[in-house]
Structures are given as C-alpha cells and as structure tokens.
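[1] pasting the structure only:
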C-alpha cells in the first residue's frame with residue numbers, strides 16, 4: 001500500500017477517536033474537529049517517519065494534545081465561553097444524561113493542562129509516563145497536574161446542585 005493509502009486507512013480508523021479526545025480536551029465539537037484536522041495534517045507531514053513504528057497512536061495523541069495546548073495559548077482563545085445555565089437547569093428524565101452534562105460542564109472549568117492530564121490518564125487510560133511523554137513534561141508534573149485537575153473537577157461538581165442532589169438519593 002502506498003503512503004497516501006496507508007494514511008487514509010489510518011485516518012478512517014482513528015479520526016473519530018481523535019475527535020472524541022479533542023472534544024474532551026476543549027468541550028466544543030467544532031473546535032474539536034479543527035484540532036483533529038490540524039493534528040492529522042501534522043501527522044501526515046511526519047507520516048513517512050512515523051508509520052514505520054508501532055507507536056502511531058501515541059504520536060497522534062501527542063500531536064493532538066500539543067495542538068490543543070497551542071490553541072489555548074493564542075490570545076484570542078483566552079476568552080472563556082459562558083455555560084448556558086438554562087441548558088443545565090433544563091429538566092431531564094434520564095439521570096445519566098444530567099450527570100454527563102454536569103461532568104462536561106465541570107470539566108470545562110478545569111485549566112487546559114490539567115484537563116489534558118485528566119483526559120490522557122482517565123479517558124485514554126495512559127500511564128503516568130505515557131502522559132508525560134504526550135505532554136512533554138516530567139512524570140511528577142503529570143501527577144501534580146492530575147491531582148490539581150481532580151481537585152478542580154470535584155470543586156466544580158460540588159457547585160452543581162443537580163448532581164449533588166442526585167448523589168444524595
């Protein structure tokens with residue numbers, strides 16, 4: 001199979017997973033799509049070098065996380081979106097949906113590097129060392145960012161009365 005065919009097959013198999021990961025990082029499907037496309041472009045540019053190794057998925061995750069963090073550093077991205085409280089307050093018949101919405105809203109309050117550490121460690125189930133490689137930092141930094149991210153996430157969830165009430169039942 002030629003280079004372009006291999007890359008196309010890889011994209012067909014992995015782009016949805018990368019986009020879901022990007023969504024967890026940024027909380028916006030449109031931005032997640034843009035981040036995924038940018039990461040895939042960077043992956044394509046390095047494909048001849050990377051495709052010979054068994055770690056293509058790890059490299060793709062690493063590129064995606066770096067693209068996300070670079071995007072968050074841009075000045076026009078420093079504005080934070082406001083979560084539509086009416087959307088959160090809307091009654092739902094399925095408690096699992098309400099819980100999922102609350103967790104997503106709480107995750108949006110976690111700073112980008114901490115959120116990246118949480119997504120890499122708990123969503124992608126990477127080890128501390130693998131997450132450190134993806135974030136280009138030490139394992140100790142991953143541990144501290146994960147601990148701080150979990151604390152921020154817990155605090156945000158505690159401020160959401162619909163989730164707290166659901167846990168008391």
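    Received, thanks. For clarity, every value in this text was computed on a predicted model and none was experimentally measured.

[2] When you work out contacts or count neighbours from here on, use the C-alpha atoms and nothing else.
    Fine.

[3] quick one, domains of the protein?
    For the chain, automatic domain parsing gives the domain ranges 1-79, 82-169.

[4] can you list the ones you listed in a markdown table and add mean pLDDT and mean neighbour count?
    What follows is those, written out as a markdown table (pLDDT from 0 to 100; neighbours: other CA atoms under 10 Å):
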| stretch | mean pLDDT | mean neighbour count |
| --- | --- | --- |
| domain 1-79 | 87 | 16 |
| domain 82-169 | 81 | 16 |
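
[5] Give me the phi and psi for the residue nearest to residue 108 when sequence neighbours are not counted.
    Closest residue to residue 108 apart from its sequence neighbours, by CA to CA, 6 or more residues apart in numbering: residue 27 at 6.3 Å. With angles defined as degrees, to the nearest 10, residue 27 sits at phi 80, psi 20.

[6] Now do residue 27 against residue 145, distance only.
    Residue 27 sits 19 Å away from residue 145, going by CA to CA, to the nearest Å.

[7] Tell me the spacing between the spatially most central residue of the chain and residue 51.
    For the chain, residue 25 is the residue whose C-alpha lies nearest the centre (CA atoms, centre = their mean; 2.5 Å). From residue 25 over to residue 51 the distance is 25 Å, taken as CA to CA.

[8] out of all of them, which helix in this structure is the longest?
    In the chain, assigned by DSSP state H, the helix with the most residues is helix 3-26.
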